[in-house]
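>>> curious how this folds, go ahead:
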Amino acid sequence: MLGLFRPPSAKNNGGFIMTVVVLIVAAIVSVIIIKVALSTLSHLNNADQSLKGEAAKYQTQGCLQEALIRLKRDPSHYVGGVINLGDGSCDITVVGEGDSRALIVVGSLNGYQQNLAVNLTIDPFAVTTWDN
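You can find the predicted model right below:
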């Protein structure tokens with residue numbers, strides 16, 4: 001009768017211990033993989049946000065250049081307006097009169113906004129040739 005109720009041997013416990021160790025290692029590796037994946041996604045999101053901000057900046061600079069050209073062509077009548085470029089737009093305001101002016105440009109692109117302000121002096125004696 002003693003043969004039926006033998007105490008568990010160390011040999012039988014080996015499989016159980018190995019299963020527990022494998023589960024613990026798998027859990028640790030899973031946590032590390034998830035952390036790396038989340039960190040990578042966060043980094044990609046930050047890079048995307050930065051690129052969108054840079055695109056808004058370059059668009060606003062392009063609008064500023066266009067506003068300078070329009071002001072140079074017609075300094076007495078150009079007061080600004082809206083310029084649409086691709087998916088974005090710019091709101092341009094010309095402040096001042098006479099030879100001293102300020103251009104205020106607010107550009108919007110993909111939910112991002114960039115502001116530029118430029119003070120300038122118009123030289124009425126400057127000769128400019130436009131190729132249109």
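
>>> and the residue most central in space within the chain, how far from A102?
By CA atoms, centre = their mean, the mean C-alpha position of the chain lies nearest to Q49, the distance being 1.9 Å. From Q49 across to A102, the span is 30 Å (CB to CB, to the nearest Å). In short, each C-beta sits where N, CA and C put it, glycine included.

>>> which helix or which strand is home to the residue nearest to the centre of the chain?
When secondary structure is defined by DSSP states H and E, Q49 falls within helix 10-73.

>>> continuing past that helix, what's the next helix or strand?
Counting by DSSP H and E, the next helix or strand C-terminal to helix 10-73 is strand 80-85.

>>> and that following strand, what's buried?
Residues of strand 80-85 classed as buried under the neighbour-count rule (16 or more other CB atoms under 10 Å) are 80, 83.

>>> report the angle between that strand and helix 10-73.
Between the axes of strand 80-85 and helix 10-73, defined by axes from the mean of the first three to the mean of the last three CA atoms, to 10 degrees, the angle is 130 degrees.

>>> what's the helix or strand hosting V105 packed up against?
When elements are assigned from DSSP H and E, V105 belongs to strand 100-109. Strand 100-109 makes packing contacts with helix 10-73, strand 88-95, strand 112-121 when contacts are defined by 3 or more CB pairs under 8 Å, 6 or more residues apart in numbering; DSSP states H and E.

>>> so of these, which one's packed in deepest?
Stretch with highest mean neighbour count among the helices and strands packed on strand 100-109: strand 88-95 (a mean of 18; mean count of other CB atoms under 10 Å).

>>> who does that one pair up with?
Next to strand 88-95 in the sheet, as set by DSSP bridges, lie strand 80-85 (antiparallel), strand 100-109 (antiparallel).

>>> V22: which of the ones you listed is closest?
Put simply, out of these the one that sits nearest V22 is strand 100-109, at 51.9 Å, with distance taken as CB to CB.

>>> quick one: low-confidence parts of this structure?
Applying pLDDT under 70 to the chain flags the ranges 1-12, 14, 124, 126-132.

>>> what distance do you get for C63 to L41?
Note on C63: its distance to L41, by CB to CB, is 33 Å.

>>> great, nothing more from me.
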